[in-house]
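Visitor: The sequence isn't on hand, but the structure is:
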Ligand SMILES: [Zn+2]
């Protein structure tokens, strides 16, 4: 092992000890150990503060920020030794079974850490952390993906036909076929590897479509000086503890790793989110004085403002047949308060009479 690598492992251990990460590891291991079940992969989330780590050791801090997959390997090795030395999980056999998810608390507020998918070029092949933000415009159902799998050599006489030598773990940006496939071969005897299905570990995955907040400005007429503009939505992956964390229409700031997903002949840039937070700008949008005046005139009733808007807005321009839907969605979004995530959010009741319940459901 190179002296640099050894030094980084030492620092990682010191950081874990000081930041409380080691105690969290011990607690997380207790859950696995108590279950008495043998898993292919033991997954640990480690929160890292890049500033604190960089102060301890610049090389490790740099690696976390710029080569997070390599940095995770350092923590993987440290955690494996810790688990083994302290006998935290009896069932654990190999280092490959430890899966580490590093979650930076923040990134340096420098332009090179901001990813705007509105601006080219962006370096989507770099596999490192970026900050970005966007508005959720669509989201899929939560589905399962393979978090980890155990493979065995199909040749009975080979020593790797048992044990936990071949463990495949999902890495940010990888597709399902990178984790589980049927053309892996044994590195010892080149026989094909077979998955031991009993040990497949599934996690939750949700695909969310986001758009840059600048797109809203287009609707507000602020792009008038630029006759041509194009804003492309982008897909973000929310996995495991992050699935079901977002709501349509809300704006979020997140840290993630860009990834290129091959979709037939087309490559799509996606972002594998690591950390996501609701973002409410303090200075909301550009509301005209007339609009504010209308709001003040109607402020004596919670419903009046929404009702007036729904009645007067866009009746001339919306496509035929969608006017009522538009009115309804405006009403629904307007009667809802902004702080929908807080428990004290005051919801207004809305009575809808319709023959088409599907639209109301949506
Ligand atoms: Zn083999």
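Guide: Received it, and whenever you're ready, just let me know what you need. Every value quoted in this text rests on a predicted model; they were computed, and no experiment measured them.

Visitor: distance between the one helix or strand residue 253 maps to and the chain's centre?
Guide: Secondary structure assigned from DSSP states H and E places residue 253 in strand 251-263. Remark: strand 251-263 is offset 7 Å from the chain centroid, using CA atoms, centre = their mean, to the nearest Å.

Visitor: buried residues in it?
Guide: For strand 251-263, a neighbour-count test (16 or more other CB atoms under 10 Å) marks 251, 252, 254, 255, 256, 257, 258, 259 as buried. All C-beta atoms are positioned from the backbone trio N, CA, C, and that covers glycine.

Visitor: The residue in the stretch 201-350 of the chain that the ion sits nearest to - how many residues pack around it?
Guide: Nearest residue of the stretch 201-350 of the chain to the ion, counting by CB to the ion: residue 201, 22.7 Å away. When neighbours are defined as other CB atoms under 10 Å, residue 201 has 18 of them.

Visitor: for it, what are its contacts?
Guide: Neighbouring residues of residue 201 by CB atoms under 8 Å, 6 or more residues apart in numbering: 39, 40, 41, 43, 146, 147, 148, 149.

Visitor: Likewise for residue 137?
Guide: 209, 210, 211, 233, 248, 249.

Visitor: Out of the buried residues of strand 251-263, flag the one nearest to residue 161.
Guide: Distance to residue 161 across the buried residues of strand 251-263 (CB to CB) is lowest for residue 259, with 33.6 Å.

Visitor: Surely that closest one touches residue 126?
Guide: No - contact between residue 259 and residue 126 fails when scored by CB atoms under 8 Å: they sit 10.5 Å apart.

Visitor: May I ask you to confirm that residue 89 is in contact with residue 34?
Guide: No - the criterion here is CB under 8 Å, and residue 89 misses it with residue 34 at 9.9 Å.

Visitor: The residue nearest to residue 240 when sequence neighbours are not counted and residue 249, how far apart?
Guide: Excluding the flanking residues, the one nearest residue 240 by CB to CB, 6 or more residues apart in numbering is residue 203, at 4.7 Å. Separation of residue 203 from residue 249 (CB to CB, to the nearest Å): 26 Å.

Visitor: When these two are compared, which one has more neighbours?
Guide: Ranked by neighbour count (other CB under 10 Å), residue 203 and residue 249 place residue 203 first, with 16 against 11.

Visitor: What does the more buried one show for phi and psi?
Guide: phi -130, psi 180 (degrees, to the nearest 10).

Visitor: okay, the residue of the stretch 201-350 of the chain closest to the ion: pLDDT?
Guide: On pLDDT, residue 201 comes in at 91.

Visitor: again, but for residue 245
Guide: pLDDT, residue 245: 91.

Visitor: OK, contacts around it?
Guide: Contacts for residue 245 (CB under 8 Å, 6+ apart) come out as 238, 276.

Visitor: Surely it is within a strand?
Guide: No - going by DSSP: H, G, I helix; E, B strand; the rest coil, the assignment for residue 245 is coil, not a strand.

Visitor: quick revisit: how much space separates the residue of the stretch 201-350 of the chain closest to the ion from residue 30?
Guide: The gap separating residue 201 from residue 30 is 19 Å, by CB to CB.

Visitor: same deal with residue 114?
Guide: Residue 114 sits 39 Å away from residue 30, going by CB to CB.

Visitor: Would you map the strands across the stretch 251-362 of the chain?
Guide: 251-263, 266-278 (DSSP state E, counting those that start in this stretch).

Visitor: now the ones you listed as JSON lines including distance to the ion?
Guide: Formatted as JSON lines, the strands of the stretch 251-362 of the chain follow (distance: least, CB to the ion, whole Å):
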{"stretch": "strand 251-263", "distance to the ion": "30"}
{"stretch": "strand 266-278", "distance to the ion": "32"}
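
Visitor: Can you redo those as JSON lines, where the extra columns are mean pLDDT?
Guide: Putting those into JSON lines (pLDDT from 0 to 100) gives the following:
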{"stretch": "strand 251-263", "mean pLDDT": "87"}
{"stretch": "strand 266-278", "mean pLDDT": "88"}
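
Visitor: would you turn those strands into CSV with distance to residue 288?
Guide: Formatted as CSV, the strands of the stretch 251-362 of the chain follow (distance: least, CB to CB, whole Å):
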stretch, distance to residue 288
strand 251-263, 21
strand 266-278, 26
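
Visitor: Now do the contacts for residue 299.
Guide: By CB under 8 Å, 6+ apart, the contact set of residue 299 is residue 305.

Visitor: what number of residues lie near residue 279?
Guide: 14.

Visitor: Would you mind measuring from it to residue 273?
Guide: 13 Å.

Visitor: what do you get for residue 299?
Guide: With distances taken as CB to CB, residue 299 is found 38 Å from residue 273.

Visitor: again, but for residue 54
Guide: 23 Å.

Visitor: tell me which parts of the stretch 251-362 of the chain are close to the ion?
Guide: Neighbours of the ion within the stretch 251-362 of the chain, by CB under 5 Å from the ion: none found.

Visitor: can you list the domains in this structure?
Guide: Per the record, the chain has its domains at 3-106, 143-203, 289-361, by automatic domain parsing.

Visitor: between these, which gets nearest to residue 264?
Guide: Closest to residue 264 of the domains of the chain, according to CB to CB: domain 143-203, at 12.5 Å.

Visitor: Give me the distance from the closest one to the chain's centre.
Guide: Its chain's average C-alpha position is 25 Å from that of domain 143-203, according to CA atoms, centre = their mean.

Visitor: do the same with stretch 46-62
Guide: Distance, centroid of stretch 46-62 to centroid of chain: 22 Å (CA atoms, centre = their mean).
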